[in-house]
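J.: how would this look folded up:
(one chain, ligands or ions: 1)
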Amino acid sequence: MEGYVRSEYGNLWETHQCRPHAYGHTWSPGYELPSGMLHGQAVGTCMGFGAYLAMKSDFIPEIECQRILKVISDCELCLWHPIMEDGAAVWRSQVAMIEKRGGNLCAPIPRPLGESGYLNDLSEEMLLQRLQEYKSICLSYPRQGRGVEEHCTEVGLADPQSKKMAPPDDRFVVTPTDLLITTLSKAKAQNDMATVGEVVRMLDGVDGMVVKYSTQPSEALHNISVQTAKSNPNWAEMEKKGTTSRLLEAEMISGQAEGQLLKLLVKFGAVKKVLDIGTFTGYSSLAMAEALPEDGRVVTLERQEEAAKMAAENWASSPHVGKIESRVGEAQALLQALASQGESFDLVFLDVDKPGYFALYQTLMETGLLRVGGLLAVDNTMYKGEELTGERLSLNGEGARALNAGLLADDRVLQVMLPLRDGLTLAFRQH
Ligand SMILES: C[S@@+](CC[C@H](N)C(=O)[O-])C[C@H]1O[C@@H](n2cnc3c(N)ncnc32)[C@H](O)[C@@H]1O
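T.: The predicted structure follows:
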């Protein structure tokens, strides 16, 4: 144990490593807890599966694979558990491991017997196929590949799932989330669907409460919300005609709560120059313009001509319209142009397609468009809660995750993620 800790010292999270002693610990973390298996039993299944993959990769001959499976089985450990039928959970574990191990699967498997090689390429499709092949082999082993006393409850231990969430009575209610969790937990225990419905109603009220108790919008901002809410048929029509290249939708609007937060940041920071990346129908640009002093300026960027036109119409009646400069084109190219003009900004609001987030962030930092002492606000950093589900992320979800990870690794910024609507991150550039 001491030798292990010594070798791991400085990296007790065990990240970014190719580690022979992680044999049996690549796929099982995805199903160990929900299965209720003892840790060693779950590792047994994963060692057996690793041995099978080693054979399929020509790292060991079939006879040695059988030898490994026989040893595991003779030790009364589990080779196969029905929970492994949940291929999606096994795949999620693989995805999480790739992230943990710094971008590579690095699954240690025998190569040759007694030494370790690493498996890096295993697609989801191939993983599912190999699992089924492995299962059919395991079924020919004693107990059909099952272990003896596999589960925690069989040896007098509590089911690990029962510890996953503190029992409702033990959990302090400090936040609305605590309240929702405790109420839902009780409802689940009592199979009480009426209370589940009540929780849905409460959840639905969270955004409404934020809106209710935040400063109400100006008439011009209110009108943008109203116009935008009616705009979906127009966007669909424009996309069909080819006047916009992608489908825009009313739901893209930042809206009141974020608009008021942006206004507040402009006022509090005595901001003079704002860069708004993603104009859409002009809500965030106008919100920030309203908070700027007379000589303040918002430069707003939008790739879709039609959206920029609609934004200009929306601002036309506002006394703050003169503070807004609209530029049309791809954000990355427009940023380069602004940088070459020697521009820099006190506040940048980033709200465009998420796959481009990190590259745009890098440009903002490298060119000095976000000045030292300036603030970056980024929308949708909790992208639809995708990361919470543990499912595979969409391209947008990946984009948000890449930015979140990039901010975390960058000591030039201090940041906080606020669970406001779809997640809004504030990052202060300290150097
Ligand atoms: C979420 S909306 C912006 C919402 C706006 N900030 C508001 O307050 O309502 C994103 C906008 O950015 C535009 N956009 C997306 N990716 C872009 C890119 N790479 N360059 C320029 N504009 C982009 C879209 O056309 C869309 O109008």
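J.: Give me the below-cutoff pLDDT ranges for this structure.
T.: 1-18, 161-170 (pLDDT under 70).
J.: report the longest helix in it, please.
T.: For the chain, the helix that runs over the most residues, judged by DSSP state H, is helix 193-212.
J.: Indicate whether the next helix-or-strand element following that helix makes contact with the ligand.
T.: Remark: after helix 193-212, the chain's next helix or strand is helix 219-229, criterion DSSP states H and E. No. Using C-beta under 6 Å from any ligand atom, helix 219-229 stays clear of the ligand, coming no nearer than 7.3 Å. C-beta: built from backbone N, CA, C; applies to glycine.
J.: Could I get the buried residue list for helix 219-229?
T.: Of the residues in helix 219-229, 220-221, 224-225, 227-228 count as buried by neighbour count, 16 or more other C-beta atoms under 10 Å.
J.: so what does it touch, helix or strand wise?
T.: Other helices and strands packing on helix 219-229, by 3 or more C-beta pairs under 8 Å, 6 or more residues apart in numbering; DSSP states H and E, are helix 256-268, helix 283-291, helix 305-315.
J.: which residues are contacting the shortest one?
T.: Meaning helix 283-291. Helix 283-291 is contacted from outside by 217-218, 220-221, 224-225, 228, 253-255, 258-260, 262-264, 266-267, 271, 274, 276, 278-279, 296, 298, 300, 311, 314-315, 318, 320-321, 323-324, 326, 347, 349, 351, using C-beta atoms under 8 Å, 6 or more residues apart in numbering.
J.: For ChimeraX, write the select line for the buried members of those residues.
T.: Here is the ChimeraX command that picks out the buried ones among the contacts of helix 283-291, judged by 16+ other C-beta under 10 Å:
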select :217,218,220,221,224,225,228,253,254,255,258,259,260,262,263,266,271,274,276,278,279,296,298,300,311,314,315,318,320,321,323,324,326,347,349,351
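J.: which parts of the protein sit against the ligand?
T.: 248, 252-254, 278, 280-281, 283-284, 301-304, 307, 330-331, 351-353, 356.
J.: 5 Å instead?
T.: By the rule C-beta under 5 Å from any ligand atom, the part of the chain lying against the ligand is 252-254, 278, 280, 283-284, 303-304, 307, 330-331, 351-353, 356.
J.: If you rank these by neighbours, which is first?
T.: Of those, Ser284 is surrounded by the most neighbours, 30 neighbours in total, counting by other C-beta atoms under 10 Å.
J.: What's the separation between that one and Lys186?
T.: 40 Å (C-beta to C-beta, to the nearest Å).
J.: repeat for Gly36
T.: 22 Å.
J.: The two: who's more crowded?
T.: Taking neighbours as other C-beta under 10 Å, Gly36 and Lys186 compare with Gly36 leading, 21 against 15.
J.: which residues does that one contact?
T.: Neighbour list for Gly36: 151-153, 159-161 [criterion: C-beta under 8 Å, 6+ apart].
J.: can you do 10 Å?
T.: 42, 81, 83, 150-154, 157-162 (C-beta atoms under 10 Å, 6 or more residues apart in numbering).
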